[in-house]
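[1] show me how the following folds:
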Amino acid sequence: MAAPVLRVALTGGIATGKSYCLGRFAALGVPTIDADALSHAVVAPGTTGLAAVVARFGKDVLGANGGLDRAALGEVVFADASARADLEAIIHPLVYTRISEWFATLDVNARPSASTPGFAIADIPLLYETGHERDFDRVVVTACSASVQQQRLADRGFSPDEIRQRLDAQMSTDTKRARADVVIDTNGSKEVTDRQVAAIFEALRRQRQER
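    Next up, the predicted model:
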């Protein structure tokens, strides 16, 4: 019986290139899942997650269509660390359950090949902050300089105060870089990033074959 799929987490600070790198891995045939997308799904209308959020934060965080008004909620949680912790205590367990279920459904018996590399990647922005890095066989961190990170956020339309709040809510990139198994430096061009992703893909595929 083949060894279980190699579980890889992709993490890094906001605006450090996680989504781009995840897309590149997916293009190489790696099964991927995005915790940000899951965090939306677990608080969709009619879910127990949304009910829990409303119970904690009130109906002011709901939009006119009955769905979560993420902007209104963001104003609350990024200005209050206690409120943010309460929100994370609701959402994170639901997201990690979905991720575990996803890994469990993968074809763990498939032999590694160009089309089935034998590993899968979960993009989890707050992996270290939530203490779940030990759930994974390898952790890949995307990293760039603080100035590049801040400029990317400004280009997305964030104000200086919003940038500060979001960066303060996360572990520093330097700390994540130091704890990573592998680092993708995203300061350069997309071509430079692509070469790093391709090299990591091959390294992880070899590691899975050697298990």
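[2] could you use CA atoms for every contact and neighbour count after this?
    Noted.
[3] what about the spatially closest residue to residue 81 that is not a sequence neighbour, neighbour count?
    Leaving aside its sequence neighbours, residue 81 sits nearest to residue 169 (C-alpha to C-alpha, 6 or more residues apart in numbering; 7.9 Å). Neighbourhood size, residue 169 [other C-alpha atoms under 10 Å]: 18.
[4] packing partners of the longest helix that the chain contains?
    Taking DSSP state H as the assignment, the helix of the chain that covers the most residues is helix 81-105. Packing partners of helix 81-105 (3 or more C-alpha pairs under 8 Å, 6 or more residues apart in numbering; DSSP states H and E): helix 35-41, helix 48-57, helix 70-77.
[5] could you say which one of those comes nearest to residue 102?
    Proximity to residue 102, assessed across the helices and strands packed on helix 81-105 by C-alpha to C-alpha, is greatest for helix 35-41 (11.2 Å).
[6] which elements pack onto that closest one?
    With contacts taken as 3+ C-alpha pairs under 8 Å, 6+ apart, helix 35-41 sits against helix 81-105, strand 119-123.
[7] what's the closest of the ones you listed to residue 9?
    In terms of C-alpha to C-alpha, the element of the helices and strands packed on helix 35-41 nearest to residue 9 is strand 119-123, at 4.9 Å.
[8] who touches that closest one?
    Residues outside strand 119-123 that contact it (C-alpha atoms under 8 Å, 6 or more residues apart in numbering): 5-11, 18-19, 22, 30-36, 99, 103, 204-205, 208.
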